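Engineer: Any chance you could fold what I've pasted below:
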Amino acid sequence: TTTFNGADRSVNASTVMYGALRRITYPTGGSATIDYQANQYIDPETNSVAYGPGVRVSQVTISDNISGSPSIIRSYAYLTTSNTSSGKLRYKPVFAFHRGNTLIVSENNLAPEESLMYERVIVSQRGKGSTVYEYDLPQMYPAVAPATYVKISRFGTSPCPALGEMKPDNFGYPYPPNTNYDLEQGLIRFITDRDGNGNAVSQKEFVYEYLPATGTNSSMAYGVRYEKVDNIFLSGKYTIRVNTAKVLKDEIVRTFDRTSTALAIATTTSYTYHASHSMLERTTTSNSNGEILTLKYKYVKDFSGASLSASQPEVLALAQLNSTAWYMHGLPVETISSITRSGVETVTSAGLTLYGSVANPARILPVQRLNFLGGTTFSPASLSGSGVSQQLVRTSYRPYYFVDEYDAFGNVLTWHELKGVKSGALMVHNACVPVASFAYAGASNIVFSNFESPTGRDLTVPAGVATSDEAYTGRKSLPWSSTLSQTVVKQGS
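Structural biologist: Below you'll find the predicted structure:
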């Protein structure tokens, strides 16, 4: 251990929260007060709790403006089951390293980031028990991860420079990235609700898997991080797992008996992903009574055999969406819900979305929705035939929703149901917010203006009439003698 003279860089736990948001006061008079404390972690070299970078929330107090009303106080504890800090550093801080027999000192931390994460957090509220959150934190410092292994090399000069005290190390300078674990560090594993006595009442467990599975469609790329100090190279080769992600596999919900956590009612929801395109294919929920609820998904990609020469508009739309010109094969097409009792599966509901061409500008958007006719038999939608005569067969469906008009941003403006009842909507603020909706009329049948935000169906100001942006009556104030107009399409025309 080498000690240098200079400023004390240790964390001042009493001042580290200076500048952090302290209080929020709401227009109704209530407020939220936030208390902080310095971050803490377990120092693996001394096996003791140390202060880390930044702050964490220790308590939030929510108060209303009613005299005598108690405040809501939520407290946060960052502790393991052994009641010590659950904080872990992502990288150890380094302020110096050896180049041969020379010690190179830095004023700044050489680690790629100064952050820590918590493996377990307890949120408690007075009179309402607590909730415990547990997270996955694989390959945090000081775990031995080959992806962060540092090597040393030298120029072939004479005399050959000595390595001195420098040695290969994990989590060492120049810090090759530990990319393979970024996608899973911080994933939630358990959420446990406890009563005021600390007894578990219910729990959610989350199980994950790699998608695609390691060793199948996933592959490895390699990178090198290096720094050159005089005639010595410090380098680290690291791997990058590409074409993969860690996704939710199972979600298990348990409700515990009051007498023992060994007695519980459990419901398991499993997530299955398509073997080729990796999108969610089905969710399966298994109840304690033996029932199995299944929800299946089909996407544009599942109809990749659609022909670009098909005359049926919905088939042509599927083919275009699958083409490289559009490349929108992740759009949903069909969902099927079923229940299995005593080994017999029964479809309870299903939905099908048909796509079509929309002009101004040219796009492919949903134009019709269908639902399950009902009955004891069900056939999912499928493609039949080829070329010009290819059809999308949907004998188990009936249409119930039709889109008549979109705006330039893809918002539905006019639609009707099977019986012909028309409805409409108008959008404002760059077509992001609906300002009005109508029954028995479409957007083109409506004249509407709030004199503030344009909808496309506004009253038109006559040419040559001056407007005022300063008047008390709004941004579009007009002289009393002005006439406003708009042309509409008569309903039924």
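Engineer: Below-threshold pLDDT in the stretch 251-400 of the chain: ranges please.
Structural biologist: Along the stretch 251-400 of the chain, the model assigns pLDDT under 70 to no residue.
Engineer: That should have said the stretch 1-150 of the chain, apologies.
Structural biologist: Along the stretch 1-150 of the chain, segments meeting pLDDT under 70 span 1-4, 98-101, 144-150.
Engineer: Can you read off the pLDDT for Gly172?
Structural biologist: Note on Gly172: pLDDT of 69.
Engineer: For Gly305, give me its contacts.
Structural biologist: By C-beta atoms under 8 Å, 6 or more residues apart in numbering, the contact list for Gly305 reads Leu383. For every residue, glycine as well, the C-beta is placed using N, CA and C.
Engineer: wait, is it part of a helix?
Structural biologist: No: applying DSSP: H, G, I helix; E, B strand; the rest coil, one finds Gly305 to be coil, outside a helix.
Engineer: Distance check, it against Asp64.
Structural biologist: Distance, Gly305 to Asp64, using C-beta to C-beta, to the nearest Å: 61 Å.
Engineer: again with Glu184
Structural biologist: Glu184 is 41 Å from Asp64, by C-beta to C-beta.
Engineer: which residue ranges form the helices in this structure?
Structural biologist: 313-322 (DSSP state H).
Engineer: For the closest residue to Leu459 other than its chain neighbours, what are phi and psi?
Structural biologist: Spatial nearest neighbour of Leu459, chain neighbours left out: Leu484 (3.7 Å); criterion: C-beta to C-beta, 6 or more residues apart in numbering. Per-residue torsions, Leu484: phi -100, psi 150 (degrees, to the nearest 10).
Engineer: didn't Leu484 look like it was pressed against Val461?
Structural biologist: Yes: counting by C-beta atoms under 8 Å, Val461 is a contact partner of Leu484 at 6.7 Å.
Engineer: tally of neighbours for Val347?
Structural biologist: The number of residues packed near Val347 is 20, by other C-beta atoms under 10 Å.
Engineer: meant to ask about Asn47, not that
Structural biologist: Asn47 - counted by other C-beta under 10 Å - has 8 other residues nearby.
Engineer: same check, this time on the one 3 residues further on
Structural biologist: Using other C-beta under 10 Å, Ala50 is surrounded by 17 other residues.
Engineer: Contacts only, for Ile339.
Structural biologist: Contact analysis of Ile339 by C-beta under 8 Å, 6+ apart lists 291-294, 345-346, 348.
Engineer: Can you show me the strands along the stretch 51-200 of the chain?
Structural biologist: Along the stretch 51-200 of the chain, the segments classed as strands by DSSP state E, counting those that start in this stretch run 72-77, 87-89, 96-99, 102-105, 116-118, 120-125, 130-135, 149-154, 169-170, 188-194, 200-211.
Engineer: The stretch 251-400 of the chain too?
Structural biologist: 264-273, 280-286, 292-299, 332-341, 344-358, 363-372, 382-384, 391-393, 397-406.
Engineer: any chance of the ones you listed in CSV, plus distance to Val94?
Structural biologist: Compiled in CSV, those are given as follows (distance: least, C-beta to C-beta, whole Å):
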stretch, distance to Val94
strand 264-273, 40
strand 280-286, 42
strand 292-299, 48
strand 332-341, 49
strand 344-358, 55
strand 363-372, 53
strand 382-384, 60
strand 391-393, 61
strand 397-406, 57
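Engineer: Phe438 is nearest to which of these?
Structural biologist: Among the strands of the stretch 251-400 of the chain, strand 397-406 comes nearest to Phe438, with 12.7 Å by C-beta to C-beta.
Engineer: what angle separates the closest one from strand 332-341?
Structural biologist: 150 degrees (axes from the mean of the first three to the mean of the last three C-alpha atoms, to 10 degrees).
Engineer: what comes up buried for strand 397-406?
Structural biologist: Using 16 or more other C-beta atoms under 10 Å as the burial criterion, the residues of strand 397-406 that qualify are 397, 401-404, 406.
Engineer: Could you verify my assumption that Val347 touches Glu334?
Structural biologist: No: contact criterion C-beta under 8 Å: Val347 and Glu334 do not qualify, at 11.8 Å.
Engineer: who touches both of those two?
Structural biologist: Taking C-beta under 8 Å, 6+ apart as the criterion, Val347 and Glu334 do not both touch any residue.
Engineer: ok, for Ala425, nearest residue in space, not its chain neighbours?
Structural biologist: Ser437 (4.6 Å).
Engineer: what's around the one you found, how many residues?
Structural biologist: 11.
Engineer: Return the residues in contact with it.
Structural biologist: The contact partners of Ser437, by C-beta under 8 Å, 6+ apart, come to 423-426.
Engineer: With Gly52 instead?
Structural biologist: 11, 38-41, 87, 89, 116.
Engineer: Report the beta-bridge partners for the closest residue to Gly410 other than its chain neighbours.
Structural biologist: Sequence neighbours aside, Leu365 is the residue nearest to Gly410 in space, at 6.2 Å (criterion: C-beta to C-beta, 6+ apart). With beta bridges defined as DSSP bridges, Leu365 has these partners: Gly356.
Engineer: Leu365 is in contact with Leu354, isn't it?
Structural biologist: No: using C-beta under 8 Å, Leu365 is not in contact with Leu354, being 10.4 Å away.
Engineer: before we move on, back to that, can you tell me which of the contacts of Ile339 are buried?
Structural biologist: 292-294.
Engineer: Let me have these in a markdown table, extended by distance to Ser58.
Structural biologist: Output for these, formatted as a markdown table (distance: C-beta to C-beta, whole Å):
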| residue | distance to Ser58 |
| --- | --- |
| Ile292 | 44 |
| Leu293 | 41 |
| Thr294 | 44 |
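Engineer: if we take those residues, which one ends up nearest to Pro174?
Structural biologist: Thr294 (50.8 Å).
Engineer: Identify the residues contacting the closest one.
Structural biologist: Neighbouring residues of Thr294 by C-beta under 8 Å, 6+ apart: 282-285, 336-340, 345.
Engineer: PyMOL command to pick out the buried ones of those?
Structural biologist: Paste this into PyMOL to select the buried members of the contacts of Thr294, with burial taken from 16+ other C-beta under 10 Å:
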select buried, resi 282+283+284+285+336+337+338
